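**Student:** build me a model from this:
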Amino acid sequence: MQTGVVPTKASLMKTKSLLEFSEKGFELLDKKRNVLITEMMGLMDRARDIQNAISTTFGKAYEALQVVNISLGVFNVEEIAVSIPILEEFEILMSSIMGAEIPTIKYEESRIETYYGFFRTNPALDIALISFKQVKYLVYQLAEVENSVYKLAMEIKKTQKRANALEKIQIPRYKKQLKTIREVLEEKEREEFFRIKLVKQRKQSDINLPMGRQHNQRMP
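**Tutor:** Have a look, this model is predicted:
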């Protein structure tokens, strides 16, 4: 026997238990992998929608910005842009999906505030400001979704690796061990059966012989 396991009933029960545990583990990992893949595919669809929204909003924002640059002059627009404060209105939180740490960007969309006088600007600047602010929130969403997709992909890869180790290595090894142990134990049982049967036959033969012959057979 080349399994490294002593072929006893105890080792048979232990190997059987390990096989059942490995098969159950593979089943759970397979379910986890399917859930993660489903979640990731949904996020990828959402990322595509956000990217489309960003592209549309960016187009609207740059179109308005071109009008502002032409009507007000690039220098004046740059001065106005510098006067607008940079706000970080978000907080990064972490949640878990089947063991994968997923980031969530928490933010509140603030109302539009103007940091420039109306007498030296035009409505195109307001449109550009509103559009770029919308783009900022969309970028928050896209960053959250793309990071989540990456985290899920890494967890799927890790889960796949563990599932493959069970399916390709652990489970076949335990099945082979179980088969070998059973064959050895069955062979021992057959040998024991024939030994007992032979002993019974000899006893029966002794009973059927005449007393004198029984005595002679037992004489040295």
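**Student:** and the helix of greatest length in the chain, what other elements does it pack with?
**Tutor:** For the chain, the longest helix by residue count, based on DSSP state H, is helix 9-72. Applying 3 or more C-beta pairs under 8 Å, 6 or more residues apart in numbering; DSSP states H and E, we find helix 9-72 packed against helix 74-83, strand 90-97, helix 123-165, helix 171-208. All C-beta spots, glycine's among them, are computed from the backbone N, C-alpha and C.
**Student:** and the angle for it with helix 74-83?
**Tutor:** 140 degrees (axes from the mean of the first three to the mean of the last three C-alpha atoms, to 10 degrees).
**Student:** which residue packs closest to the most centrally placed residue in the chain, ignoring adjacent ones?
**Tutor:** Taking C-alpha atoms, centre = their mean, the centroid of the chain lies closest to residue 156, which sits 3.6 Å from it. Among residues not flanking residue 156 along the chain, residue 36 sits closest, at 4.9 Å (C-beta to C-beta, 6 or more residues apart in numbering).
**Student:** ok, now how distant is the one you found from residue 162?
**Tutor:** The gap separating residue 36 from residue 162 is 12 Å, by C-beta to C-beta, to the nearest Å.
**Student:** more neighbours, those two?
**Tutor:** residue 36 (24 against 16; other C-beta atoms under 10 Å).
**Student:** low-confidence ranges, this structure, go.
**Tutor:** Within the chain, the set of residues satisfying pLDDT under 70 comprises 1-4, 85, 87-88, 112-120, 205-220.
**Student:** go again using 90 as the cut-off
**Tutor:** Along the chain, segments meeting pLDDT under 90 span 1-12, 57-137, 182-220.
**Student:** coming back round to it: looking at the helices and strands packed on helix 9-72, which is closest to residue 24?
**Tutor:** helix 171-208 (10.6 Å; C-beta to C-beta).
**Student:** by contact count, what packs against that closest one?
**Tutor:** Taking 3+ C-beta pairs under 8 Å, 6+ apart as the contact cut, helix 171-208 packs with helix 9-72.
**Student:** got the angle for the helix it packs on vs helix 123-165?
**Tutor:** 170 degrees.
**Student:** quick check, distance from helix 9-72 to the centre of its chain.
**Tutor:** 10 Å (C-alpha atoms, centre = their mean, to the nearest Å).
**Student:** do the same with stretch 137-147
**Tutor:** Relative to its parent chain, stretch 137-147 has a centroid offset of 22 Å by C-alpha atoms, centre = their mean.
**Student:** can you list contacts of that stretch?
**Tutor:** Stretch 137-147 has contacts (C-beta atoms under 8 Å, 6 or more residues apart in numbering) with 43, 46-47, 50-51, 53-54, 57, 90, 102-105, 107, 109.
**Student:** pull out the buried members of those residues.
**Tutor:** 43, 46, 47, 50, 54, 57, 102, 105 (16 or more other C-beta atoms under 10 Å).
**Student:** tell me the one among those residues nearest to residue 166.
**Tutor:** Nearest to residue 166 among the buried ones among the contacts of stretch 137-147, with distances taken as C-beta to C-beta, is residue 102, at 25.3 Å.
**Student:** and that closest one, how far from residue 32?
**Tutor:** Note on residue 102: its distance to residue 32, by C-beta to C-beta, is 14 Å.
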